[in-house]
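S.K.: using only what follows, build the 3D model:
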Amino acid sequence: MNDIASSYAGKKVVVTGGGGAGMGAAAVNLLVGAGAQVHVLDIKEPAAAVTSHQTVDLKNPDAISAAIHAIGDGIDALFNCVGVPGNRTSDLDTFLINFAGVRHLTDEALKHFNDGGAIATIASNAGENWHAHADAYQELMEAGSFQQAIDWFEANQELLEPRRPTSAYRVSKQAVNAWNTLTAASRGERGIRQNAVMPGFTETPMGAEFRDVLGAGYFEEYPTPLGHYLRPDEPAKVLLFLNSDMASGVNGVSLMVDGGAAAALKSKELAKS
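M.R.: This next block holds a predicted model:
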């Protein structure tokens, strides 16, 4: 991590979802340790000694804009780590927090970005298969405003699976992966890179909620080729890599970070065919 950490010394970075004890908090700890100026947006207080912390409702675009304005110019990197599983919010609120709010915040932050900066977003392996609905997600990319994103969600309810409690979460993360892929090239004029990670199951407070929602049977079938579920610091380290100088040629990538779970499931599927 030393070469990666050196990319952040003295840099101004913004982390959404950097409070609590999840992947965002792990990223904050690493960034503070690397000497970055860390500005956290989260409803929870960060444990680390950060430069600033603001409580922001990602369902409120005006509050998002005000928070970014308060941080001001000179942003070098943005880490979008905020997310909700969907069991404690409505389907629409899950979509707004996980996608629409993240997109709006990124658009606002870009107004204050230094050229050559970088954006890294936590998506999910649950959103990997967005290509199956590529036309719908292309329409979402063209629906650029916060209200237009709401209108899109309400007009595309067929993407939800009513009997799956994590359905809105899946759609929101498919939207993140589609957005990451389809808009990354447009940042290139300013030399700004945009990437995402797709974590598998991770031992975080939100992971504990997924345990309750999905049930024991799901985890009996979930493979752990490395012998453990992910720790929060493991996806966080990849986020720091993607936004660092070490990844200067990486752009528009949604990188699977799941300890090999998806590969194991695919191998099992092919063995049956």
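S.K.: look up phi and psi at D76.
M.R.: phi -100, psi -30 (degrees, to the nearest 10).
S.K.: kindly report the same for the one 10 residues further on.
M.R.: Geometry field for G86 lists phi and psi as phi 110, psi -10, criterion degrees, to the nearest 10.
S.K.: so who does it touch?
M.R.: When contacts are counted by Cβ atoms under 8 Å, 6 or more residues apart in numbering, G86 is found next to 94, 165-169, 172, 213. Heads up, the C-betas are built off the backbone N, CA and C, glycines and all.
S.K.: ok, D212 next?
M.R.: Shown in contact with D212 (Cβ under 8 Å, 6+ apart): N87.
S.K.: in which helix or strand does it reside?
M.R.: helix 205-214 (DSSP states H and E).
S.K.: how near is G117 to F219?
M.R.: 38 Å (Cβ to Cβ, to the nearest Å).
S.K.: who's more crowded, the two?
M.R.: Between G117 and F219, G117 has the larger neighbour count (other Cβ atoms under 10 Å), namely 24 against 13.
S.K.: which strand in this structure runs the most residues?
M.R.: strand 113-122 (DSSP state E).
S.K.: contacting residues for the closest residue to H228 other than its chain neighbours?
M.R.: Once flanking residues are discounted, H228 sits nearest to G259: 7.3 Å by Cβ to Cβ, 6 or more residues apart in numbering. With contact set as Cβ under 8 Å, 6+ apart, G259 has these partners: 200, 224-226, 228-230, 234.
S.K.: and the buried ones among these, selectable in ChimeraX?
M.R.: The buried residues among the contacts of G259 can be selected in ChimeraX (16 or more other Cβ atoms under 10 Å) with this line:
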select :200,224,229,230,234
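S.K.: where do the strands sit along the chain?
M.R.: Using DSSP E, strands in the chain cover 12-16, 37-41, 52-54, 75-80, 113-122, 193-199, 254-257.
S.K.: give me the pLDDT value at the nearest residue to G19 once chain neighbours are set aside.
M.R.: When the adjacent residues along the chain are set aside, G19 lies closest to K44, with 3.1 Å between them (Cβ to Cβ, 6+ apart). Looking at K44, its pLDDT reads 92.
S.K.: isn't K44 up against G20?
M.R.: Yes. In terms of Cβ atoms under 8 Å, K44 counts as a neighbour of G20; the distance is 4.3 Å.
S.K.: out of those two, which sits in the busier spot?
M.R.: The neighbour count for K44 versus G20, taken as other Cβ under 10 Å, is higher for G20 (20 against 17).
S.K.: measure that one to W130 for me?
M.R.: 27 Å.
S.K.: low-confidence stretches in this structure?
M.R.: In the predicted model, the chain carries pLDDT under 70 at residues 1-2, 163.
S.K.: quick one: the helices in it?
M.R.: Assigned by DSSP state H, the helices in the chain fall at 2-6, 23-33, 61-71, 91-95, 101-110, 134-142, 146-155, 167-183, 205-214, 216-221, 233-242, 261-272.
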